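J.: this is a predicted model, with the sequence first.
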Amino acid sequence: MAKPAVDCALVNGFGPAYGTARLMRLGWLQFFLLAVLVATSGCLSAGGEAVTGLPVQPLGQAEPLSAKEITDRYREAERKRAESTEAGVVFAYQRDIRITDYHPDGEVKRLQTRRFRSFTDNRVPVLMLRDGEEPTPEQVEKQQREIQKTLLRVLGDGGKKGGKDEGDARLLLRQIEEYGDQFEPTLIGSEPVRGRPAYVLNFTVLPGMKFKEPLVNHVLHHLIIKVWFDKEDFHAARLEAVLANPLFAIGGLAAKLDRFRVVAEQQRLTAEIWADAEIRAEAQGRVLWNPFKVNFESISTNVERLNE
């Protein structure tokens, strides 16, 4: 369970920058869920009705923008991000990942830590530390190959562009343009993120919308998805996705996912460039009769602009 979480997290852009676009293909969500359910060949069910929408909170003074206008400005912000990146504005930062597997009694079963040097142009990050020790060249190479495979598996053609040291500034923008219109946004409130005012939107799958992958299609209908968009720059400052209903594989005989939650926040580097700041996720359930609980944490620090 833990190792797939490492791989998916290290596709650069893991976090609210991918926002709704990555959720269309699940991205990082997929690997938590696939680790539990993929071996069952897709006989899935859920312990509740599909998610419809969240209640709108009192907004006080009427917001000047509609949900559609906010998401349109988000798309434009991502276009500016791509253009700025292509013009040479690229940042590197240190990403520390911690993945904890627990025994049923709550004791730690396994702890994994990784440190990567990540980049805002979506190039493959570089493994710096593995469980607190400097990795061998073979381990670095293996990790990069695994991340490349994840890019291809999750993003399709988007993962084929560029080599290990070449970024893809328009990776996210392509995902937004391809999948962004398959969700319905609703403005439900206003709330600051890291001291900056933000719009809070709820995203639900459009009625009748079906996705090609059966697992993706099923899971997305049972996720409560909220995104906080910065009121000045319109980047996705925070994302929260929570599983609303338990998921079962083969009636619960093969596997059950009781709980899944991920919260991700970004930090502002420039008006155009935002980067992952903090990501926390947890999953709990069982495979056959074996219970599992996994916590994931990613913290980004030491941001520096590259001179290329």
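T.: Received it, and whenever you're ready, just let me know what you need.
J.: which ones are touching the residue nearest to residue 221 when sequence neighbours are not counted?
T.: Closest residue to residue 221 apart from its sequence neighbours, by Cβ to Cβ, 6 or more residues apart in numbering: residue 50 at 4.1 Å. The C-beta positions use only the backbone N, C-alpha and C, and glycine is treated the same way. Contacts for residue 50 (Cβ atoms under 8 Å, 6 or more residues apart in numbering) come out as 205, 221-222.
J.: so where is the chain shaky, pLDDT-wise?
T.: The chain contains residues with pLDDT under 70 at 1-44, 57-63, 150-169, 171-180, 211, 213-217, 251-252, 308.
J.: look through it and tell me its longest strand.
T.: Longest strand in the chain, counting residues (DSSP state E): strand 290-305.
J.: now stretch 131-142: buried residues?
T.: Of all the residues in stretch 131-142, those buried under the rule 16 or more other Cβ atoms under 10 Å are residue 135.
J.: quick check: end-to-end length of it?
T.: Taking Cα to Cα, to the nearest Å, the first and last residues of stretch 131-142 lie 15 Å apart.
J.: what sits up against it?
T.: 112-114, 126-130, 143.
J.: and the strands in this structure?
T.: Under DSSP E, the chain gives strands at 44-46, 91-102, 108-119, 126-130, 183-190, 198-205, 223-230, 236-243, 247-249, 255-268, 274-287, 290-305.
J.: neighbours around residue 290, how many?
T.: 9 (other Cβ atoms under 10 Å).
J.: so who does it touch?
T.: By Cβ under 8 Å, 6+ apart, the contact list for residue 290 is empty.
J.: heads up, I number from 128, so please use that
T.: Got it, first residue is 128 now, which makes that one residue 417.
J.: beta partners of it?
T.: With DSSP bridges as the criterion, residue 417 is bridged to residue 414.
J.: tell me how many other residues crowd residue 406.
T.: 23.
J.: please read the previous query as pertaining to residue 339.
T.: 7.
J.: residues in contact with the residue nearest to residue 246 when sequence neighbours are not counted?
T.: Excluding the flanking residues, the one nearest residue 246 by Cβ to Cβ, 6+ apart is residue 219, at 5.3 Å. By Cβ under 8 Å, 6+ apart, residue 219 lies in contact with 244-247, 430-433.
J.: beta-bridge partners for residue 219, please?
T.: Beta-bridge partners recorded for residue 219 (DSSP bridges): residue 246, residue 431.
J.: count of neighbours near residue 415?
T.: Residue 415: 11 surrounding residues under other Cβ under 10 Å.
J.: kindly provide the distance from it to residue 274.
T.: Separation of residue 415 from residue 274 (Cβ to Cβ, to the nearest Å) stands at 30 Å.
J.: residue 297 is nearest to which of the strands of the chain?
T.: strand 235-246 (14.7 Å; Cβ to Cβ).
J.: the contacts of stretch 258-269, buried ones only, as a PyMOL selection?
T.: Under the burial definition 16+ other Cβ under 10 Å, those of those that qualify are selected in PyMOL by:
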select buried, resi 239+240+241+253+254+257+270
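J.: quick check: the two most widely separated of the contacts of stretch 258-269?
T.: Longest span within these, Cβ to Cβ: 239 and 253, 17.6 Å.
J.: using TSV, please lay out the strands of the chain together with distance to residue 211.
T.: Below are the strands of the chain laid out as TSV (distance: least, Cβ to Cβ, whole Å):
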stretch	distance to residue 211
strand 171-173	41
strand 218-229	11
strand 235-246	14
strand 253-257	22
strand 310-317	25
strand 325-332	21
strand 350-357	16
strand 363-370	16
strand 374-376	39
strand 382-395	13
strand 401-414	11
strand 417-432	12
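J.: among these, which comes closest to residue 210?
T.: Of all these, strand 401-414 comes closest under Cβ to Cβ, at 14.5 Å.
J.: show me what the closest one is packed up against.
T.: Under the contact criterion of 3 or more Cβ pairs under 8 Å, 6 or more residues apart in numbering; DSSP states H and E, strand 401-414 touches helix 155-164, strand 218-229, strand 382-395, strand 417-432.
J.: now the longest one against strand 401-414, angle please.
T.: This points to strand 417-432. Between strand 417-432 and strand 401-414, the angle comes out at 170 degrees (axes from the mean of the first three to the mean of the last three Cα atoms, to 10 degrees).
J.: buried sites along strand 417-432?
T.: 419-425, 427, 430.
J.: list just the nearest of these to residue 376.
T.: residue 419 (13.5 Å).
J.: hang on, the earlier thing: may I see the contacts of stretch 258-269 organised as CSV, with distance to residue 394 added?
T.: As requested, the contacts of stretch 258-269 are exported to CSV (distance: Cβ to Cβ, whole Å):
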residue, distance to residue 394
239, 24
240, 21
241, 20
253, 20
254, 22
255, 20
256, 22
257, 25
270, 24
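J.: much appreciated, bye for now.
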